[in-house]
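> sequence? don't have it. structure:
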């Protein structure tokens, strides 16, 4: 038969034939190209590209509340500060790994590599899961949208938690408790407390449930998991230069802060945004339906394991939603949905992704042009990775970071000169001063941001250090007109009350501007407290403050706030009761209840007071504590113990 040589026939055959010829020739010339055609290689390559075009943008701020603790994580590592006795935070010795930018030191290189590996792993894992149910283009699109949501709203530590949830569900779905799964679970459980203990508590519980579900009758597997977790923790702890005897103080202090955070850091729900709670409920209902669909095909032990994992995650998100942190909750729902999407039909899958996407755009108030910004994300990814590999440029980048922080802080030269060569603690939170000025020797109090002293124990840790021989020689204080050096509407002199008393007794003002104040260490000028009287009053009832004796400060220790079984249950399952204090006729201030028993300063002698905006001001004549800003009366009785602390004139 004569071949069909018409133009149409040649056109129909040529593209496929020509493509095969090119491919065959390329494979003969470069045999390694066959690896790129394998499914796993496709997932790795396309997943890496997704990570690059969805890369998280670094925070725009380099000074302030959050940037300061981020800088402190790098400073603590560089200065080898002992976690536990000398530093207490929700993060740990490896917490700096979650702060990749800006460049503070060589530790930032490790942070870029770690956070980049976590985010890239999340993108690749998401693509691999979605590829089982969708063609590659649709799977790549869905993976990009979901990981982009995570990138915009969640910091690296929370991204790692989302990755852990996704991998845990995958392990339950596969049902194989092989060596790789146990090793990975043990390492994750051991390293997590060194990064962020507040997340590690729930993560360890979730991973332990998964291991038990995968190996319900294999005690050796459980022991192997525990052994790997303990070994990983100790390797990380000792590898960061921490002493073995500080493990217990570190865990105890961090748990104290996590527990105090749950009670002290509640914020009122904004009426205009009450719609967010049911919207978040819809998002997590989709996740729960997906989990139920996946669980139907699992044996009973793994069903229980999946149920336990989902319940732990749901409880944590419920607490975050009530604080409220809706952006974290919405973005975590997007990440948690990834391992369950394959259980939906294709049309239902598209609807689920669309609903979660709309939820996140609404809650985070992210514009479409910001959400879909692949070029900007790629530039950020390439820039950070380039900075990580060019170690010869680290010094220049550190200098640029210092210059940028100095420019924003604008600390007068006289203040900087007063701090040079001295050990310094910074109040109330601007620890990045030490990152900007290397001549300043950072000597932080254990709770280095005063608002974090949520409990009487944490407050007393700071006060004890000020009274010790390791106290800093200088304290630099910064004043904010609004919110007055505090957050959440608290009264600035009621933050860390025992610490404030110790500071007033042992430090004198040597220099002050409108924005900055330098305190210098001196001898203790306070004597033992003298009782002035005890008053019992109902909640919402005003109490008169006794007149201050000559040359004495007056403090009040308030007990009986909260502590009822109802309050404890409310704090555990809902949100802590808000408490407020009104001083004379001023507006009510939010009150941290546990530290109120440490002695709230109500009066200071004029000669001992600080100047300008840093002064305590006129003595308080009347104090009222209530459960709301209206100071409504209630039957609960509070005990006010007034004390005078005599002070020695210079």
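Cool, got the structure. In this text the structure is predicted, and so the values were computed from the model without any measurement.

> which residue ranges form the strands in the stretch 551-650 of the chain?
Secondary structure of the stretch 551-650 of the chain (DSSP state E, counting those that start in this stretch): strands at 552-559, 580-583, 589-590, 600-603, 622-626, 637-646.

> ditto for the chain
423-427, 441-442, 474-478, 507-512, 516-521, 530-538, 543-544, 552-559, 580-583, 589-590, 600-603, 622-626, 637-646 (DSSP state E).

> And the contacts of stretch 241-259?
80, 82-85, 88-90, 92-93, 193, 197-198, 201, 234, 237-238, 446-447, 452, 454-455, 457-458, 461 (Cβ atoms under 8 Å, 6 or more residues apart in numbering). Where C-beta positions appear, they are placed from N, C-alpha and C, glycine not excepted.

> If we use 7 Å, what do you get?
80, 82-85, 88-90, 93, 197-198, 237, 452, 454-455, 457-458 (Cβ atoms under 7 Å, 6 or more residues apart in numbering).

> I'd like the strands of the chain written out as CSV, with mean pLDDT added.
Below are the strands of the chain laid out as CSV (pLDDT from 0 to 100):
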stretch, mean pLDDT
strand 423-427, 93
strand 441-442, 92
strand 474-478, 93
strand 507-512, 92
strand 516-521, 94
strand 530-538, 92
strand 543-544, 92
strand 552-559, 93
strand 580-583, 90
strand 589-590, 86
strand 600-603, 93
strand 622-626, 91
strand 637-646, 93
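
> quick one: contacts for residue 281?
So residue 281 contacts nothing (Cβ under 7 Å, 6+ apart).

> need the helix or strand of the chain with the lowest average pLDDT.
helix 7-29 (a mean of 49; mean pLDDT, DSSP states H and E).

> Can I get the buried ones among the contacts of stretch 241-259 as something I can paste into PyMOL?
Of these, the buried ones go into a single PyMOL selection, burial set by 16 or more other Cβ atoms under 10 Å:
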select buried, resi 82+83+84+85+88+89+90+93+197+198+237+452+454+455+457+458
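
> Return the subset of the contacts of stretch 241-259 lying in helices.
Among those, the members found in helices (DSSP state H) are 197-198, 237, 457-458.

> Return the item of those residues having minimum pLDDT.
Among those, residue 198 has the lowest pLDDT, at 84.

> Report the two of the ones in helices among the contacts of stretch 241-259 separated the most.
Pairwise distances across the ones in helices among the contacts of stretch 241-259 peak at 22.6 Å for 237 and 457 (criterion: Cβ to Cβ).

> From residue 86, how far out is the closest residue to residue 421 other than its chain neighbours?
Once flanking residues are discounted, residue 421 sits nearest to residue 439: 6.2 Å by Cβ to Cβ, 6 or more residues apart in numbering. Counting by Cβ to Cβ, to the nearest Å, the separation of residue 439 from residue 86 is 21 Å.

> go on, residue 68?
Distance from residue 68 to residue 86, by Cβ to Cβ: 18 Å.

> now swap in residue 469 and tell me
Counting by Cβ to Cβ, the gap from residue 469 to residue 86 is 13 Å.

> what pLDDT does the closest residue to residue 235 other than its chain neighbours get?
Excluding its sequence neighbours, the residue lying closest to residue 235 (Cβ to Cβ, 6+ apart) is residue 190, at 7.9 Å. Residue 190 is assigned a pLDDT of 93 by the prediction.

> Who are the contact partners of residue 190?
Counting by Cβ under 7 Å, 6+ apart, residue 190 makes contact with 228-233, 236.

> do residue 526 as well
By Cβ under 7 Å, 6+ apart, the residues touching residue 526 are 505, 645-647.

> I'd say residue 211 and residue 225 touch.
Yes - the criterion here is Cβ atoms under 7 Å, and residue 211 meets it with residue 225 at 4.9 Å.

> Now do the shared contacts for these two.
182, 185.

> quick one, helices of the stretch 51-200 of the chain?
Assigned by DSSP state H, counting those that start in this stretch, the stretch 51-200 of the chain shows helices spanning 65-78, 107-131, 136-153, 156-174, 179-195, 197-214.

> Identify each buried residue in the shortest one, please.
Same thing as helix 65-78. For helix 65-78, burial by neighbour count (16+ other Cβ under 10 Å) applies to 67-78.

> what's the answer for the fourth one, then?
By neighbour count on 16+ other Cβ under 10 Å, the buried set for helix 156-174 is 156-173.

> Spatially, and excluding backbone neighbours, which residue is closest to residue 161.
In space, residue 161 is closest to residue 199, 5.2 Å off (Cβ to Cβ, 6+ apart).

> how many neighbours does the one you found have?
By other Cβ atoms under 10 Å, the residues close to residue 199 number 20.

> Now do the contacts for it.
Listed by Cβ under 7 Å, 6+ apart, the contact partners of residue 199 are 157, 161, 192.

> in this protein, what spans have low per-residue confidence?
1-37, 266-274, 322-324, 481-486, 563-568, 570-575 (pLDDT under 70).

> Can you pull the domain assignment for it?
Listed by automatic domain parsing, the domain ranges of the chain are 10-37, 40-261+275-380, 410-646.

> how close does residue 124 get to residue 44?
6 Å.

> more crowded one of the two?
residue 124 (21 against 16).

> what separates that one from residue 51, distance-wise?
Remark: distance between residue 124 and residue 51 (Cβ to Cβ) = 7 Å.

> can I get the strands of the stretch 551-650 of the chain in CSV with mean neighbour count and distance to residue 372?
Below are these laid out as CSV (neighbours: other Cβ atoms under 10 Å; distance: least, Cβ to Cβ, whole Å):
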stretch, mean neighbour count, distance to residue 372
strand 552-559, 22, 52
strand 580-583, 22, 44
strand 589-590, 20, 39
strand 600-603, 23, 51
strand 622-626, 20, 48
strand 637-646, 19, 54
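
> Just send the ones you listed back as TSV, with distance to residue 542 too.
Compiled in TSV, these are given as follows (distance: least, Cβ to Cβ, whole Å):
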stretch	distance to residue 542
strand 552-559	13
strand 580-583	8
strand 589-590	15
strand 600-603	13
strand 622-626	4
strand 637-646	11
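
> So which of those strands is nearest residue 291?
strand 589-590 (37.6 Å).

> Identify the residues contacting that closest one?
488-491, 494, 578, 580-581.

> which one of those sits closest to residue 142?
For the contacts of strand 589-590, the nearest to residue 142 is residue 488 (38.3 Å; Cβ to Cβ).

> Give the bridge partners for the closest residue to that closest one other than its chain neighbours, please.
Distances taken as Cβ to Cβ, 6+ apart place residue 590 nearest to residue 488, at 5.3 Å, with adjacent residues excluded. Beta bridges link residue 590 to residue 490, residue 580, judged by DSSP bridges.

> I'd like the strands of the chain written out as a markdown table, with distance to residue 379 added.
Output for the strands of the chain, formatted as a markdown table (distance: least, Cβ to Cβ, whole Å):
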| stretch | distance to residue 379 |
| --- | --- |
| strand 423-427 | 34 |
| strand 441-442 | 33 |
| strand 474-478 | 34 |
| strand 507-512 | 43 |
| strand 516-521 | 36 |
| strand 530-538 | 61 |
| strand 543-544 | 60 |
| strand 552-559 | 54 |
| strand 580-583 | 47 |
| strand 589-590 | 42 |
| strand 600-603 | 51 |
| strand 622-626 | 52 |
| strand 637-646 | 57 |
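
> among these, which is nearest residue 389?
With Cβ to Cβ as the measure, strand 441-442 is the member of these nearest residue 389 (28.9 Å).

> Now find how far off-centre that closest one is within its chain.
24 Å (Cα atoms, centre = their mean, to the nearest Å).
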